[in-house]
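# sequence first, then the predicted structure, then my questions.
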Amino acid sequence: MAEIRTLHDAVADLIHDGDTLAMEGFTHLIPYAAAHEVIRQSITDLTLVRMTPDVIYDQLIGAGLVRKLVFSWGGNPGVGSLHRFRDAVENGWPRPLELDEHSHAGMANRYVAGASRLPFAVLRGYRGSDLATRTDTVSTVLCPFTGEELAAVAALNPDVTVIHAQQADPDGNVQMWGLTGVQKEAVLAADRVLVTVEEIVDSLVPRPGGVVLPGWVIDAVAVVPGGAHPSYASGYSVRDNDFYQAWDPVSRDRETFGKWLEETVS
């Protein structure tokens, strides 16, 4: 059952050196505060998993904490490249970065297989692409009913999934709404789960399109108002577009990034 914890203690207890860590959120409810706590605690040798790694993973990669990235797209949305990500791939700075690249559909299906505790998922995909030749987590299977050849993707089961949500109740049940991506699947696929939330409420009020995660699938809930900034939490905050614009010059230069990290996160 979920416990209400401080962010510091939850990160220290649940995320360890060498873990496979998923921090999900699709432009919305991205758990930046938790990522910054990972940086402050210098938790390293991480394999990061995310459908759309953007600035949150650029920061973790630039901090030198990541050895591998499992993903389906990477960029600063609406702006351009992730320069700390590019520096790691192209120049091995601050350390070499191993890549396992997939399509969006492939990543989503990998999470679904992991959440279902199945070894793999099948889909029609990867045809006409060389992605399948660059990873050992894509193969093919023949449908036993039609004989059709289909793509097979290995299940994703992160050691830890971290997400941000709007509300939790005192028992650790969580509700999120608005634009939700694969947070639910990433939570159900993981061995350990941390959710940061905007607030604790006496009881969750069901709402159309809301996703409720029961406390028994969550290990810890930490109250972190604004914990998704510079992304947003529907009903609580708006996206800080200026931050994403400003991130481009910060991340282009190693020294400028280092000063930003020291002044803003450390």
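Happy to help now that I have it.
# alpha carbons only for contacts and neighbour counts from here, please
Fine.
# ok, which stretches of this structure are helices?
Using DSSP state H, the helices of the chain run over residues 7-14, 32-40, 55-62, 83-91, 104-115, 183-189, 241-252, 254-264.
# so which of those helices comes closest to G210?
helix 183-189 (11.2 Å; CA to CA).
# what's the pLDDT at M1?
In the predicted model, M1 carries a pLDDT score of 80.
# ok, it - contacts?
With contacts defined as CA atoms under 8 Å, 6 or more residues apart in numbering, M1 is in contact with 171-172, 215-219.
# about what we covered before: let me have the helices of the chain in JSON lines, adding distance to W177 as columns.
Below are these laid out as JSON lines (distance: least, CA to CA, whole Å):
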{"stretch": "helix 7-14", "distance to W177": "22"}
{"stretch": "helix 32-40", "distance to W177": "18"}
{"stretch": "helix 55-62", "distance to W177": "21"}
{"stretch": "helix 83-91", "distance to W177": "30"}
{"stretch": "helix 104-115", "distance to W177": "19"}
{"stretch": "helix 183-189", "distance to W177": "11"}
{"stretch": "helix 241-252", "distance to W177": "21"}
{"stretch": "helix 254-264", "distance to W177": "29"}
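# PyMOL command for the buried members of the contacts of M1?
The buried residues among the contacts of M1 can be selected in PyMOL (16 or more other CA atoms under 10 Å) with this line:
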select buried, resi 171+172+215+217+218+219
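# ok, V193 - contacts?
14, 160-162, 187, 217-220.
# which one of those is nearest K259?
Using CA to CA, these come closest to K259 at V162, 26.4 Å.
# coming back round to it: show me the contacts of M1 that map onto strands.
With DSSP state E as the criterion, strands contain none of the contacts of M1.
# got a markdown table for the contacts of M1, with pLDDT and distance to Q41 too?
A markdown table is the format used below for the contacts of M1 (pLDDT from 0 to 100; distance: CA to CA, whole Å):
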| residue | pLDDT | distance to Q41 |
| --- | --- | --- |
| D171 | 96 | 27 |
| G172 | 96 | 24 |
| G215 | 97 | 26 |
| W216 | 97 | 27 |
| V217 | 98 | 25 |
| I218 | 98 | 22 |
| D219 | 98 | 19 |
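# P225 touches Q167, doesn't it?
No - taking contacts as CA atoms under 8 Å, P225 lies outside contact range of Q167: 10.2 Å.
# and V221, bridged to which residues?
Taking DSSP bridges as the rule, V221 bridges to I4, V195.
# could you measure from it over to Y32?
15 Å (CA to CA, to the nearest Å).
# the more surrounded of those two?
Legend: neighbour count by other CA atoms under 10 Å for V221 and Y32, higher for V221 (32 against 24).
# quick one: the more buried one from I61, how far?
Counting by CA to CA - V221 and I61 are separated by 25 Å.
# circling back to that earlier point, list residues touching both of P225 and Q167?
Going by CA under 8 Å, 6+ apart, residues that sit against P225 and also against Q167 are 197-199.
# ok, so of the residues you listed, who is nearest A233?
Closest approach to A233 among the shared contacts of P225 and Q167 (CA to CA): E198, at 8.2 Å.
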